[in-house]
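Colleague: have a look; sequence and predicted model below, questions after that.
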Amino acid sequence: MNFLRRKFYSYYLQPRIEFPDRIERREYAFILFNEDTMHRHISFSSKEAILTYFKANVPAHAYYSSAYYRIPSASTMKEKQWMGADLIFDLDADHLPNIENLTYEETLQEVKKELLKLISFLTEDFGFGKQDIRIYFSGGRGYHCHISNKSVLELGSQERREIVDYITARGLEIKEIVGERSIYKDRYIDKRIEIYPDHGGWKGRIARGIINFFKQIKSMEREDAIKELMKIEGIGEKTAEALYDALTDERMRRIEKGMIDQASEFRRIVKPLIKRLAVSLHSEADEPVTADIKRLIRLPGSLHGKTGLRVTKVDIDAIEDFDPLTHAVVFGDNMIKVNVEKPIKIKMMENVYELKKGVATLPEYLAVFLVARRMAVA
Amino acid sequence: MPPILFIFILFNFVDLFKLAKYPFMAEAKEWVKEQKVNIEEILFDELYERARQRGIERVKQALEKGIIYDTPLINDVDCAMEIFSYPIARMLVVAVESDYLLRRYALAEAKRAYENMKNEEEDFISYLAKELGVEVNGEKIHFADYLKYAPTWDMKWKLVNRELKNGYVILSKNEVARLIQEAIRKKIYSELSYIFAPPEVKKVFRNEIIAIKSRIAFKDKSVKMKEVKADYFPPCIKSLVSAAKSGINVPHVGRFTMVTFLNAIGMSIDEILKIFSSSPDFNEEKTRYQIEHITGRISSTVYAPPKCDTIRTWGLCYPDEYCRGIKHPLFYYRRRRK
């Protein structure tokens, strides 16, 4: 660990920390190298004091509280006196399906998709301006999204939970977002579903999602379309064929107007589509961290002890272009000898490395990354 | 000697009739002050006997019916008596020294205002809202305000089931009124929590206070207890209870599931409340109010616990071997309890 600590020290001599607003109202917490315990309830009165702490202690992990307190260094919540908290969304790869089969880069790509969905909810539905939203690469396997707009600071955890439920579609009731009409014909009742693409909220989202989905299906070859339809849970070959074959130009026009005739087949599509449109924020059984009004979050500009990558701000308009293994790298390319313990292929700083087990001489940035991830020893 | 009767228009649409319907408004308080009537007169003078009787009625209706009914308001004297009856009712409520009555009274006043608001113009509703610190823009309200006042334990009020666009929730006029009802309830409840009744009040209303106290005691006893066996809770409820007990944030739907379940098997409000008390942002007043609502103690609807299907879609289901064939968490409990 001495190798990593030395490297971190060299960064913390002149770090690029992005300080939170109201520095003196936040609680800070650190985990030092070779220690398991978290040093908590620390407060600082100035930027300089924080920088001095980094130099003197060289933490492996650094956090600050999303909340601000009257007395941040007090040891109990009650004594701290909660004053408010930023709204924080934590998007992490851990719970995404099939994630264990993906490489580090692919994993981060998957999280990015969730991040883009989240931003669409925050801007279109919740009306936050892009200037209200700050995105950070976590240094690990995810992204954090911070909102410090005045309107949210004093929301309690129940109110925050409602926001989480909104973007994850938890508690969404289908009868509230799609209409069902019975049309009485001579001898039978025709059930028809109505959707509302021009509406706001989930009502509009699900409607536009359905229309786009059917447009996409219609543009495909029959065989591919049926395969695509069958990817949806609960849709067998017969239903898929029926859905595809009924999708005439006339039917498509009606769908775009919000009228859907095959009520029973259609109903099976709604739920899985909601799942695709919702943000997968955390595993459902997890404690919803966003609702936590006293949580700790990685300090932007600090290094992540398990990757050596920097917690880095991501331009909200250039999320697609952000490459953590280039833009969150702080170390240089002096060559260092390390012992690689596992074969690995990785693209870092635009260079592709294919490493075998054994001694290798690598640029400092890659050496730090591998040692931090315990894939090599220095 | 009718001192009360000057009519003045406070605002375009806030006249004496409005004040009689919404006596918690700042203008009503102002009006009472302007009358320069002192507390002795209100409590003892014959002139105000009608206001005192109406004040007692307000409290009794709140306790027994959960709402305060309108009285006919024909002329200015009717209005004046109605307005005076409000501070009298408040003094009486405070003098009884029961938090239960306090909560029930605040809700009843708010509900009465809600019923009246349904017939008001949009302009007045927005004005009233603003006075209560809620910014309503036609039928749009900012989501942060919405979350403060919406009864989100009810599925159709959950934000996710609402039309939210550019930061604003779109509501119908009645729904706006419903949110304001909650703002009124909060205002009245918090005001009453901080005031004390003057000693004369206890004297004047001595008999009423005794009668009300005994009714409250009776109502408390009417909630019968069954012995609760926590070992036989289904695993979903067990995990929710233990999460709540260890202070972990339980998602909203989880709280709803837990409270409706525990209520259905006969747990008391206080016992349910105790489970939540280690939550990091535990707010006794708010939590109690929500529990009382879901369990129908202060409202008319008793919510039933959700069935297994629903619990599953909420991601709260962790079945064990006894769950096979069970479609509802209560069946699980009843089967194992036998």
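Modeller: Received, thanks. Numbers count the residues shown, from 1 in each chain, chains lettered A, B, ... in the order given.
Colleague: residues from the stretch 151-300 of chain B in reach of chain A?
Modeller: Within the stretch 151-300 of chain B, the residues that sit near chain A (CB under 8 Å from any CB of the partner chain) are B:152, B:155-156, B:158-168, B:170, B:243, B:248-249, B:251-253, B:280-281, B:283, B:286. Just so you know, the C-beta spots here come from the backbone N, C-alpha and C atoms, and that holds for glycine as well.
Colleague: any stretches of the stretch 51-200 of chain B with poor pLDDT?
Modeller: Low-confidence segments of the stretch 51-200 of chain B (pLDDT under 70): none present.
Colleague: report the closest residue of it relative to chain A.
Modeller: B:G167 (2.4 Å; CB to the nearest CB).
Colleague: quick check on that residue: phi, psi?
Modeller: With angles defined as degrees, to the nearest 10, B:G167 sits at phi 90, psi -10.
Colleague: tally of neighbours for it?
Modeller: A count of nearby residues for B:G167, using other CB atoms under 10 Å in any protein chain shown, gives 20.
Colleague: mind listing what it touches?
Modeller: The contact partners of B:G167, by CB atoms under 8 Å, 6 or more residues apart in numbering or on different chains, come to A:D125, A:F126, A:G127, A:F128, A:S151, B:H142, B:F143.
Colleague: helix, strand, or coil at the residue most central in space within chain A?
Modeller: Centroid-nearest residue in chain A: A:L91, 2.5 Å away (criterion: CA atoms, centre = their mean). For A:L91, the reduced secondary structure class is strand; criterion used: DSSP: H, G, I helix; E, B strand; the rest coil.
Colleague: could you measure from it over to A:S138?
Modeller: Distance check for A:L91 against A:S138: by CB to CB, to the nearest Å, it reads 8 Å.
Colleague: shared neighbours, those two?
Modeller: Shared contacts of A:L91 and A:S138 (CB under 8 Å, 6+ apart): A:H144.
Colleague: about what we covered before: tell me what the residue nearest to the centre of chain A is bridged to.
Modeller: Bridge pairing for A:L91 (DSSP bridges) gives the partners A:Y143.
Colleague: surely it meets A:L118?
Modeller: Yes - contact criterion CB atoms under 8 Å: A:L91 and A:L118 qualify, at 6.7 Å.
Colleague: list the residues that contact both of those two?
Modeller: With CB under 8 Å, 6+ apart, A:L91 and A:L118 have common neighbours A:C145, A:V279, A:L281.
Colleague: which members of the residues you listed are positioned in strands?
Modeller: Within the shared contacts of A:L91 and A:L118, residues falling in strands by DSSP state E are A:C145.
Colleague: make JSON lines from the shared contacts of A:L91 and A:L118 and add distance to chain B to it.
Modeller: Below are the shared contacts of A:L91 and A:L118 laid out as JSON lines (distance: CB to the nearest CB, whole Å):
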{"residue": "A:C145", "distance to chain B": "16"}
{"residue": "A:V279", "distance to chain B": "12"}
{"residue": "A:L281", "distance to chain B": "11"}
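Colleague: hmm, back to that, tell me which of the contacts of B:G167 is nearest to A:R205?
Modeller: Nearest to A:R205 among the contacts of B:G167: A:D125, at 8.1 Å, using CB to CB.
Colleague: next, count neighbours for the closest one.
Modeller: Count around A:D125 with other CB under 10 Å applied: 26.
Colleague: ditto for A:L325
Modeller: A:L325 has 20 neighbours, counted by other CB under 10 Å.
Colleague: so which residues of the stretch 201-338 of chain B form helices?
Modeller: B:206-221, B:235-245, B:252-264, B:269-276, B:284-294, B:308-313, B:329-337 (DSSP state H, counting those that start in this stretch).
Colleague: great, nothing more from me.
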